[in-house]
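1. this one's structure only:
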């Protein structure tokens, strides 16, 4: 393996935005480690054939802390220039009073708690001048919420944003760049078929924004065009 190439770890890289991120970094000359759930064949496996020796596929159920710890052990000795956590679910557009407790718990664990556990567990692998990014959404912005809807998804992304703020405040001496990324309204399972952007339109902007923030410590909440997203 070429030690001069930079390495990105993309958590949740089997499809849509995560797969697009893995592909974009490979095209830009990076080595990529991408995680998938379980052992089923995914688009990431097809991508590995197009970039032999450049893409490592790891199995990870992000909501299982033991699996995250095991991944850290498997990657011991690897150095990451970028750790990017891309994973989220939605369970429909219900008013919060109609959301069952188990659904609330599932979405909050997947969208807020688990990404932060991954960040806390894998941060030692990231270089001191590297980047830790988490996929957020403008739906996590409290000040932009003027129309309501998607109560639980919005709440989970707001919780994620707040937890990243807590992380940044706890590590004030951290020289790493911390990013919350809004990819825009993208045609994915979450965004729906009527969304404004394709994955191919969103991802290059996400990656370009990440690259522009390299070497800028502290927490930044930005969209795929590099614009600041209000909290």
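-> Structure's in. What do you need? Not measured: the values here are computed from a predicted model.
2. Toward the C-terminus, what is the element adjacent to the biggest helix by length in the chain?
-> Secondary structure of the chain per DSSP state H: the longest helix is helix 151-170. Following helix 151-170 in sequence order, the next helix or strand is strand 177-182 (DSSP states H and E).
3. outside of that next one, which residues touch it?
-> The contact list for strand 177-182, computed with CB atoms under 8 Å, 6 or more residues apart in numbering, reads 130-138, 140, 160-161, 164, 167-168, 206, 209-210, 213-224, 229. All C-beta atoms are positioned from the backbone trio N, CA, C, and that covers glycine.
4. let's see it at 7 Å
-> 131-138, 161, 164, 168, 206, 209-210, 213-224, 229 (CB atoms under 7 Å, 6 or more residues apart in numbering).
5. now, which of these lie within helices?
-> Per DSSP H, the contacts of strand 177-182 map to helices at 161, 164, 168, 206, 209, 210.
6. Save these as TSV, and put in pLDDT and distance to residue 15 too.
-> Listed next are the ones in helices among the contacts of strand 177-182 as TSV, based on pLDDT from 0 to 100; distance: CB to CB, whole Å:
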residue	pLDDT	distance to residue 15
161	98	24
164	98	24
168	98	29
206	98	16
209	98	21
210	98	20
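7. ranking those by neighbours, who comes first?
-> Most neighbours among the ones in helices among the contacts of strand 177-182, by other CB atoms under 10 Å: residue 206, with 29 neighbours.
8. hang on, the earlier thing: list buried members of the contacts of strand 177-182 by neighbour count.
-> The neighbour-count test (16 or more other CB atoms under 10 Å) applied to the contacts of strand 177-182 identifies 131-138, 161, 164, 168, 206, 209-210, 213, 217, 219-224, 229 as buried.
9. quick one: which of those residues sit in strands?
-> 131, 132, 133, 134, 135, 219, 220, 221, 222, 223 (DSSP state E).
10. How about the fourth one, nearest residue that isn't a chain neighbour?
-> On the basis of CB to CB, 6 or more residues apart in numbering, the spatially nearest residue to residue 134 that is not a chain neighbour turns out to be residue 85, at 4.7 Å.
11. counting contacts, what elements does the longest helix of the chain pack onto?
-> Secondary-structure packing of helix 151-170 (3 or more CB pairs under 7 Å, 6 or more residues apart in numbering; DSSP states H and E): helix 101-108, helix 114-122, strand 177-182, strand 218-223.
12. For residue 25, find the nearest of these.
-> Of all the helices and strands packed on helix 151-170, strand 177-182 sits nearest to residue 25, with 13.9 Å by CB to CB.
13. following the helix or strand encompassing residue 58, which helix or strand shows up next?
-> Here residue 58 sits within strand 55-59, counting by DSSP H and E. The element immediately downstream of strand 55-59 (helix or strand, assigned by DSSP H and E) is helix 65-74.
14. by contact count, what packs against that following helix?
-> Where contact means 3+ CB pairs under 7 Å, 6+ apart, helix 65-74 is packed against helix 114-122.
15. The helix it packs on versus helix 65-74: what angle between them?
-> Counting by axes from the mean of the first three to the mean of the last three CA atoms, to 10 degrees, helix 114-122 lies at 30 degrees to helix 65-74.
16. Flag every buried residue along helix 114-122.
-> By 16+ other CB under 10 Å, the buried positions in helix 114-122 come out as 114, 115, 116, 117, 118, 119, 122.
17. The fourth one - nearest residue in space that isn't next to it in sequence?
-> Counting by CB to CB, 6+ apart, residue 65 is the residue found nearest to residue 117 once chain neighbours are left out, at 5.7 Å.
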